[in-house]
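> Task: produce atomic coordinates for the following.
(chains A and B)
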Amino acid sequence: MTFEQFIATRLPGLLRHAVVLTGDRELAQDVVQEVLARTQVKWRQIAKADSPDAYVRRMIVNEYLSWRRSWAVRNVRAVGERLDAIGDARATERDHAQTVVDADALWTRLATLPRKQRAVLVLRYYEQLDDVAIADLLDCAPATVRSNASKALKNLRLTSEQQPRVHEKELT
Amino acid sequence: MNQDADQLREAFVAHEYLAPDAADVIVAVHEKARRYRRRRRAAQSAGGAVLGAGLVAGTVAAPGWLNATSTRHGGGSLSLAAPAPQPTPTPLASPSPSASPAVMASPSPLTSAQQDQAISVYFAAGYDYNDALALAQLWHMSGDPSTIKAAAGRRLLAGQTLPFKPSAAGVATAAEDADLTAFFGAGYTYEDAVGLAQLWKISDPYQAKIDAGKKLLAGETLPIAAGSQPTTPPSPIPTESVSATDLDAYFAAGYGYDEALQLAQLWHMTGDPATVKAEAGRRLLAGEKLPIAPISPSPTPTGSAPVNGPDAAVAAYFGAGYTYDDAVTLGKMWNIADTYQVKADAGQKLLAGQTLPIKP
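Modelled structure (predicted):
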């Protein structure tokens, strides 16, 4: 398989993976571009891997976790924008399915998580990896994965409990 | 817990649509990869020169900028002949944050030129990106990998060794690097590689550079002169050679305008998309396979619903009563990580009248 064939077949999936992982369209694009540029340079070696797709996904996760340039600034701005956007959506599309609204709200809360906690949730619930595989990918112990997942879920629930009060204010 | 899992999965899947546009990414990836290759070549020459000078001198001492508290050099050049007095560097196998704080703790005490030079030495020694990740773990450093590479490069410049040898991947590219160095050292450019790839019927210009480098190292001459190709490569076939037969083959295979745009980017072709379509059709007629599958249906006079492409396949998948969870199960059976790809593949099978290994 050539690099071009790999991109043609795998890029859409990698971009979906990246945007779910990062929660930010621009950051996802930056991370994927960075990773694929390096992949292209090293393609002959990467193509020999058992699963180049898994290898590149691993690179994306590592790149996201080590990404520092402007990330904090970008993330704060993006969350703010997203909250505004969701607020607008609520005002105009109140008849949408409750699940969609819940998914949007949860997506917003996910943006407040530390990167490693978010990555664990994405790998566990979106990529359907078990904790051992996640631990291998993140180079940590399975117990650390479970700890991060537990903290992440707790953080999400705490934020969720604060949400109804915000909604009441919004409605009035 | 299951409710959490379901809600999270729904939230993730519901926002897949935020994924960036693939076409934008492809263009940027090619640009970045070109820059990285140039940097690797620069790394080879600059790093090799610096290391060579050190070996000839018989002693390589830490240059002044190794210590962040010492006076920094104004330019990017190193003063190997008269090094500033330095403390003995900390052994790398057991890095201690307190032993060499200037090197380990300071993220970037160097000028841009100095950092580039350190990175050059790092790559010249055969280390690569994956090695930088491994070093980051050993040294408990986080952040931009280039910072780690620079720190490692500084240690190499100081005559130290890194905790491990270059990875297998880095060693394996040494031969390639020699070929590339020969290619670019002879004055050839990326555009020349594109021209050679077309001449030699190779789809990957990078492979053309490797092959060309081998020939140059063997004393052979290349069929085109160095730098003879224009910066913007011409289309591989002239417009007047666009034939109806080629175009018919292209459209008959289910490809359309959108695919032509993607192919143009992949093949670095500019100009009329018809030229790209004709080139693709010519390859199809020659029995070759195109690097992308058809993504858009052939236009039908009746304007009927799409009958191929991933979206139609996914629609067929859900129309048959299958769900996301089924896609996850199928993905595990078929060893495909991307659930959307699973849905598309499953939908294609359903559209082709086949049955799936699980029921909805």
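> Could you pull up the residues touching the residue nearest the centre of chain A?
Among the residues of chain A, the one closest to the centroid is A:L21, at 1.5 Å (Cα atoms, centre = their mean). Neighbouring residues of A:L21 by Cβ atoms under 8 Å, 6 or more residues apart in numbering or on different chains: A:28, A:60-61, A:64, A:118-119, A:122. All C-beta spots, glycine's among them, are computed from the backbone N, C-alpha and C.
> Can you get me a residue count around the closest residue to A:W43 other than its chain neighbours?
Distances taken as Cβ to Cβ, 6 or more residues apart in numbering or on different chains place A:F3 nearest to A:W43, at 4.3 Å, with adjacent residues excluded. Other residues within reach of A:F3, judged by other Cβ atoms under 10 Å in any protein chain shown, total 25.
> Let me have the contacts of A:L21 in a markdown table, adding neighbour count and secondary structure as columns.
Formatted as a markdown table, the contacts of A:L21 follow (neighbours: other Cβ atoms under 10 Å in any protein chain shown; DSSP: H, G, I helix; E, B strand; the rest coil):
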| residue | neighbour count | secondary structure |
| --- | --- | --- |
| A:A28 | 25 | helix |
| A:I60 | 23 | helix |
| A:V61 | 24 | helix |
| A:Y64 | 26 | helix |
| A:R118 | 22 | helix |
| A:A119 | 24 | helix |
| A:V122 | 23 | helix |
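> Keep those, but drop any that are not near chain B.
Intersecting the contacts of A:L21 with the contacts of chain B gives A:28, A:122 (criterion: Cβ under 8 Å from any Cβ of the partner chain).
> if we take the contacts of A:L21, which one ends up nearest to A:C140?
A:A119 (10.8 Å; Cβ to Cβ).
> isn't A:E4 right next to B:D204, touching?
Yes. The criterion here is Cβ atoms under 8 Å, and A:E4 meets it with B:D204 at 7.2 Å.
> okay, these two: which has more neighbours?
A:E4 (22 against 16).
> which is the next helix or strand following the least confident helix or strand in chain A by mean pLDDT?
None of the helices or strands of chain A scores lower by mean pLDDT, DSSP states H and E than helix A:71-92, at a mean of 44. Counting by DSSP states H and E, the next helix or strand C-terminal to helix A:71-92 is helix A:98-110.
> what does the domain assignment say about chain B?
B:40-73+B:91-171, B:185-217, B:239-285, B:310-351 (automatic domain parsing).
> Take the contacts of A:L21 and lay them out in CSV including pLDDT.
Formatted as CSV, the contacts of A:L21 follow (pLDDT from 0 to 100):
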residue, pLDDT
A:A28, 91
A:I60, 93
A:V61, 91
A:Y64, 88
A:R118, 93
A:A119, 93
A:V122, 93
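> Among the contacts of A:L21, which one lies nearest to B:A118?
So of the contacts of A:L21, ranked by how close each gets to B:A118 (Cβ to Cβ), first place is A:Y64, at 25.4 Å.
> does the closest one really touch A:R115, like I thought?
Yes. Assessed by Cβ under 8 Å, A:Y64 is found in contact with A:R115 at 6.6 Å.
> helix/strand/coil for B:G213?
At B:G213 the chain is in helix, as set by DSSP: H, G, I helix; E, B strand; the rest coil.
> what's the distance between it and B:L162?
28 Å (Cβ to Cβ, to the nearest Å).
> Settle it for me: which of those two has more neighbours?
Higher neighbour count among B:G213 and B:L162: B:G213, with 25 against 19, using other Cβ under 10 Å.
> For the closest residue to B:R9 other than its chain neighbours, list the residues it contacts.
In this structure, B:R9 finds its nearest non-sequential neighbour in A:Y125, 5.1 Å apart by Cβ to Cβ, 6+ apart. Applying Cβ under 8 Å, 6+ apart to A:Y125 gives the contacts B:5, B:8-9, B:12.
> Please repeat the previous calculation with a cut-off of 10 Å.
Shown in contact with A:Y125 (Cβ atoms under 10 Å, 6 or more residues apart in numbering or on different chains): A:20, A:149, B:4-13.
> Secondary structure, neighbour count and pLDDT for those - can I get that in JSON lines?
Listed next are those as JSON lines, based on DSSP: H, G, I helix; E, B strand; the rest coil; neighbours: other Cβ atoms under 10 Å in any protein chain shown; pLDDT from 0 to 100:
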{"residue": "A:V20", "secondary structure": "helix", "neighbour count": "25", "pLDDT": "93"}
{"residue": "A:A149", "secondary structure": "helix", "neighbour count": "19", "pLDDT": "91"}
{"residue": "B:D4", "secondary structure": "helix", "neighbour count": "16", "pLDDT": "76"}
{"residue": "B:A5", "secondary structure": "helix", "neighbour count": "14", "pLDDT": "82"}
{"residue": "B:D6", "secondary structure": "helix", "neighbour count": "14", "pLDDT": "83"}
{"residue": "B:Q7", "secondary structure": "helix", "neighbour count": "18", "pLDDT": "84"}
{"residue": "B:L8", "secondary structure": "helix", "neighbour count": "22", "pLDDT": "88"}
{"residue": "B:R9", "secondary structure": "helix", "neighbour count": "20", "pLDDT": "88"}
{"residue": "B:E10", "secondary structure": "helix", "neighbour count": "18", "pLDDT": "85"}
{"residue": "B:A11", "secondary structure": "helix", "neighbour count": "25", "pLDDT": "87"}
{"residue": "B:F12", "secondary structure": "helix", "neighbour count": "24", "pLDDT": "90"}
{"residue": "B:V13", "secondary structure": "helix", "neighbour count": "18", "pLDDT": "87"}
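> can you redo these as JSON lines with distance to B:Y257?
Converted to JSON lines, the contacts of A:Y125 look like this (distance: Cβ to Cβ, whole Å):
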{"residue": "A:V20", "distance to B:Y257": "30"}
{"residue": "A:A149", "distance to B:Y257": "45"}
{"residue": "B:D4", "distance to B:Y257": "44"}
{"residue": "B:A5", "distance to B:Y257": "41"}
{"residue": "B:D6", "distance to B:Y257": "40"}
{"residue": "B:Q7", "distance to B:Y257": "40"}
{"residue": "B:L8", "distance to B:Y257": "38"}
{"residue": "B:R9", "distance to B:Y257": "35"}
{"residue": "B:E10", "distance to B:Y257": "35"}
{"residue": "B:A11", "distance to B:Y257": "35"}
{"residue": "B:F12", "distance to B:Y257": "32"}
{"residue": "B:V13", "distance to B:Y257": "30"}
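> and A:R38, how many neighbours?
For A:R38, using other Cβ under 10 Å, the count is 22.
> How about the secondary structure of B:L284?
Applying three-state DSSP: B:L284 is helix.
> Excluding chain neighbours, give the residue nearest to it in space.
According to Cβ to Cβ, 6+ apart, the nearest residue to B:L284 is B:A249 (4.8 Å).
> B:E288 is in contact with the one you found, correct?
No. Under the criterion of Cβ atoms under 10 Å, B:A249 is not in contact with B:E288, lying 11.1 Å apart.
> These two: which has the busier surroundings?
Using other Cβ under 10 Å as the criterion, B:A249 and B:E288 rank with B:A249 on top: 20 against 12.
> Model confidence score at that one, please.
Looking at B:A249, its pLDDT reads 80.
> One more: the one 3 residues further on?
Here the pLDDT value assigned to B:A252 is 78.
> cool, the one 3 residues further on as well?
For B:Y255, the model assigns a pLDDT of 81.
> And A:H96, by the same measure?
Looking at A:H96, its pLDDT reads 54.
> And the one 3 residues further on, by the same measure?
Taken from the predicted model, the pLDDT recorded for A:T99 is 72.
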